[in-house]
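J.: Just the structure for this:
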Amino acid sequence: MLLELERNAVVRYAKKMLTTGLVVGTGGNISIFNRKENLLAITPGSRNYEELTPEDIMVMSLDGKVHEGKGKPSSELQLHTVFYKNRPDIHAVVHTHSFYASSLACMNRELPAIHYLIASAEGNVRCAPYATFGTSELAKNALEGMENRKSVLLANHGLVSGARTIEQAFSIASNIEFIAGLYLTALAAGQTPTILSPEEVKNLNSQFTAYH
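T.: Numbering: from 1, shown residues only. Modelled structure (predicted):
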């Protein structure tokens, strides 16, 4: 079986994404790119995560050719491949529809650096302009919005996080959901959270980089 390790990891984290509330139903998607093989493993479209098996996971080329897997790849395939083509530091992508991050996205608001865990995303999380799901325009907007970052909000949609490993990409998505919840709670209480200085964010980024 092609990309056996990657396909097992995609299944494991897709199920974790569901159980931790980062997605609802069949929403969201996950992929891992093996640069040596020049192939990626990605969740199939509109499938129940609870029932996924490694054999269900699609193995694709960056040009969209299917090598193995059942069904069709996620409709957001371009949202994943755009990072593998343009960001050599990213080997895994997690796309969620988590409640708080998606709420910010629906407000077309960025997530400022109000908590030190924002350093896992390397700074404030911008909100990319709206584009229809599954389109090259959405992929382009996401890539531009995530420049020099590891996460980006998609207007009226959700969140994308990318990293060198699936563990890190998932952790970033979880961190951003947590911070988005803090931010919206503070705003609902009529308070404006204190934003960390650019100098402190830079310091935190270096510490997170060393940690990983």
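J.: didn't residue 148 look like it was pressed against residue 125?
T.: No - applying CB atoms under 8 Å as the test, residue 148 and residue 125 come out as separate, 11.8 Å apart. Quick note: C-beta positions are derived from backbone N, CA and C, even for glycine.
J.: Looking at those two, which one has more neighbours?
T.: residue 125 (30 against 8; other CB atoms under 10 Å).
J.: wait, isn't the more buried one in contact with residue 151?
T.: Yes - Residue 125 is within contact range of residue 151, at 4.9 Å (criterion: CB under 8 Å).
J.: Can you pull the residues that touch both of the two?
T.: Common neighbours of residue 125 and residue 151, using CB atoms under 8 Å, 6 or more residues apart in numbering, are 159, 176.
J.: which residue ranges form the strands in this structure?
T.: Assigned by DSSP state E, the chain shows strands spanning 29-34, 39-42, 58-60, 66-68, 92-96, 127-128, 151-154, 158-163.
J.: From the contact counts, what lies against the third one?
T.: In other words, strand 58-60. Applying 3 or more CB pairs under 8 Å, 6 or more residues apart in numbering; DSSP states H and E, we find strand 58-60 packed against strand 39-42, strand 66-68.
J.: Take these and write them to TSV, including mean neighbour count.
T.: Converted to TSV, the helices and strands packed on strand 58-60 look like this (neighbours: other CB atoms under 10 Å):
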stretch	mean neighbour count
strand 39-42	26
strand 66-68	14
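J.: Including mean pLDDT and distance to residue 181, could those strands go into CSV?
T.: Shown next, in CSV, are the helices and strands packed on strand 58-60 (pLDDT from 0 to 100; distance: least, CB to CB, whole Å):
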stretch, mean pLDDT, distance to residue 181
strand 39-42, 98, 28
strand 66-68, 96, 38
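J.: Out of these, which gets nearest to residue 6?
T.: Counting by CB to CB, residue 6 lies closest to strand 39-42 out of these; the figure is 4.0 Å.
J.: Go ahead and name everything in contact with the longest helix belonging to the chain.
T.: Criterion DSSP state H: the longest helix present in the chain is helix 166-188. For helix 166-188, contacts defined as CB under 8 Å, 6+ apart pick out 9-10, 13, 16-17, 20, 22, 30, 32, 90, 92-94, 96, 98-101, 103-104, 111-112, 114-115, 117-118, 120-121, 125, 150-151, 159, 161-163, 192-193, 212.
J.: Could you rerun that using 6 Å?
T.: For helix 166-188, contacts defined as CB atoms under 6 Å, 6 or more residues apart in numbering pick out 9, 13, 32, 92, 94, 96, 98, 100-101, 104, 111, 114-115, 117-118, 120-121, 125, 150-151, 161-163, 193.
J.: how far is stretch 5-23 from where the chain is centred?
T.: 12 Å (CA atoms, centre = their mean, to the nearest Å).
J.: got the contact list for residue 205?
T.: Here residue 205 is in contact with 119, 122 (CB under 6 Å, 6+ apart).
J.: If we use 8 Å, what do you get?
T.: Here residue 205 is in contact with 119, 122, 123 (CB under 8 Å, 6+ apart).
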